[in-house]
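K.L.:
Sequence and predicted structure are below.
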Amino acid sequence: MADDAVLITNRGEIACRIATTCRRMGLPTVAVYSEADAGAMHVAAADRAEPVGPAQPRQSYLSIPALIEAARRSGARMVHPGYGFLSENPDFAQACAEAGLLFIGPSPEAIRAMGGKAAAKAVARRAGVAAVPGYDGEDQSEARLLAEAEAIGFPVLIKAVAGGGGRGMRAVAEAAGFPAALAAARREAGAFGDDRVLVEKLVPRARHIEVQILADSHGTVLHLGERDCTLQRRNQKLVEESPAPGVGDALREELGRRAAALARAVGYVGAGTVEFVAEAGPAPRADRIWFIEMNTRLQVEHPVTEMVTGLDLVEWQIRVARGERLPWRQEDIRLGGHAVEARLCAEDPARGFLPSPGRLAELVLPEPAPGLRIDTGVRQGDTLTPFYDPMIAKVIAHGASRAEALAKLAVALEGCSGRGVALNAAFLAAALRSPAMRAAEMDTHFLERARAGLLAGDAAA
Amino acid sequence: MKIAAEIAASVWQIQARPGDTLAEGDTVLLLESMKMEIPVAAPRAGRLTALLVAEGDQVEEGQTVALLEA
């Protein structure tokens, strides 16, 4: 295979989306697939495909030796890890380098520096960026952690240092509940192979705001605006938008400056996301926004940034990984209009967002149109297995204003339907049309709190 | 009585052992499906008499995973 082939070590919509950009750039692609995915859409989307093992992710999409071997067999010279799986695993980035493969992402050192939540907070301290007040020290005794929680002030959040996706995280309202919550968080943290935890101030009503950065290997670090990802369930995002409501030019500049300072502090190259927590309310304040962590990879919700900047982030990940210079200065980056994304998932909001594996006997998605983008990795007739995440598609709408983008996305979601598994499309449409969302009065618990009302069609939800 | 999985999943973590006395709502085991953990709880108080699955097993929707004696 040609020298510039890209091995895509992922599956589903993101593998398809990466293949689309590679094709546009004239780069051949190699998919990898587990036994459960032999007939999957992402396999058909690539020029060739390599099997990497059984359905269990640990033995296929998370197996470094299997993936390196797939690169060797196919002759691919570049590796795009997508998001999830091994995308933030420094050992994988290292193994690619040692096998002579170009890893499309930051260096193993940068991934390590930002990989643990405690390490990232230490970087923030050095870079002078305000992080959420908390304790991330080595003394992990219950007595010390409780004393630190009392010093921070309840409510607090206990987080697994190595956790992610909402796992290994516990909110604690008062000291009495601390020991039980600590035990539960440690038990979940153990699943990440590291049972250390940190304690942070809990912002009771919070918005999640994050900044997209893009850096080359010649010292240029750009920020590409922010995204608001406040609508979540189980600490996992369901709706994301850019720009963030209420963030004006001055605050955007300030958050971008903080994000770029963190990227520079670790010699970051590639696309990355710096996440912040903000006190809820339609007008966030700079002194009530704190750094939480950095994701050293492409983000699920990157399309909203692409729609307001007009840039293809995967293209620029590949270009900067190959040593190209970013051809812009910060002032060249302009945000146009407003974009909102919703994650269409096989899950049942009426049953507490219970996932819904099964055969997708029927799937109807709206046709892409100007200002309407659909990123998907499954087709009608596919089986959604318990092994992988429940996302069926990302539906992304762009409009001149936030109101227009929200309305357009709601209509698009109302045009989604399926049979064989539960879908969250109608629930998401109701959330987008809710008065709280339209007024930007949402917080990270809004969906869970308003769930029943949204399902019942209660306009006041 | 039978305790069943409400969803196709893999058994992630077993939290109760045969012989344990459980209160209603106590977690017997955690399933993992589509990257979410789903607790399987005792539907009422009783003694767990058998665990029919092991960590790492795949279970089908409706499959009995444990037996409870009220």
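P.N.:
Structure received.
K.L.:
count of neighbours near A:A403?
P.N.:
By the measure other CB atoms under 10 Å in any protein chain shown, the count of residues near A:A403 is 11. C-beta here means a position set from N, CA and C on the backbone, and glycine is covered the same way.
K.L.:
So for the host helix or strand of it, what gets flagged as buried?
P.N.:
Here A:A403 is covered by helix A:402-414, with elements defined by DSSP states H and E. The neighbour-count criterion (16 or more other CB atoms under 10 Å in any protein chain shown) identifies A:402, A:404-410, A:412-414 as the buried residues of helix A:402-414.
K.L.:
between the residues you listed, which is closest to chain B?
P.N.:
For chain B, the nearest member of the buried residues of helix A:402-414 is A:L413. The distance, counting by CB to the nearest CB, is 19.8 Å.
K.L.:
element containing the residue nearest to that closest one when sequence neighbours are not counted?
P.N.:
Nearest-residue entry for A:L413: A:A429, 4.1 Å, with adjacent residues in sequence omitted and distances by CB to CB, 6 or more residues apart in numbering or on different chains. Secondary structure from DSSP H and E places A:A429 in helix A:425-433.
K.L.:
Tell me the first helix or strand C-terminal of that helix.
P.N.:
Tracing the chain C-terminally past helix A:425-433 and defining elements by DSSP H and E, one meets helix A:435-438 next.
K.L.:
Rounded mean pLDDT for that following helix, please.
P.N.:
Averaging pLDDT along helix A:435-438 gives 96.
K.L.:
which strands and helices sit next to that helix?
P.N.:
Using 3 or more CB pairs under 8 Å, 6 or more residues apart in numbering or on different chains; DSSP states H and E as the contact criterion, the elements in contact with helix A:435-438 are helix A:402-414, helix A:446-455.
K.L.:
rank those by mean pLDDT and give me the bottom one.
P.N.:
Averaging pLDDT over each of the helices and strands packed on helix A:435-438 singles out helix A:446-455 as the lowest, with a mean of 93.
K.L.:
With only the CA atoms kept, save the helix holding A:A429 in PDB.
P.N.:
The C-alpha atoms that make up helix A:425-433 are tabulated as PDB, following Å, rounded to 0.1, in the frame of the first residue of the first chain:
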ATOM      1  CA  ALA A 425     -34.500  11.500  19.200                       C
ATOM      2  CA  ALA A 426     -37.900  12.800  20.500                       C
ATOM      3  CA  PHE A 427     -36.500  13.400  23.900                       C
ATOM      4  CA  LEU A 428     -33.600  15.400  22.500                       C
ATOM      5  CA  ALA A 429     -35.900  17.400  20.300                       C
ATOM      6  CA  ALA A 430     -38.100  18.300  23.400                       C
ATOM      7  CA  ALA A 431     -35.000  19.300  25.300                       C
ATOM      8  CA  LEU A 432     -33.900  21.700  22.500                       C
ATOM      9  CA  ARG A 433     -37.400  23.200  22.400                       C
END
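K.L.:
How about residues contacting it?
P.N.:
A:231, A:238-239, A:340, A:342-344, A:349, A:406-407, A:409-411, A:413-414, A:416-417, A:437, A:446-447, A:450-451, A:454-455, A:457, A:461 (CB atoms under 8 Å, 6 or more residues apart in numbering or on different chains).
K.L.:
repeat that with 6 Å
P.N.:
A:342, A:344, A:349, A:406, A:409-410, A:413-414, A:416, A:437, A:454 (CB atoms under 6 Å, 6 or more residues apart in numbering or on different chains).
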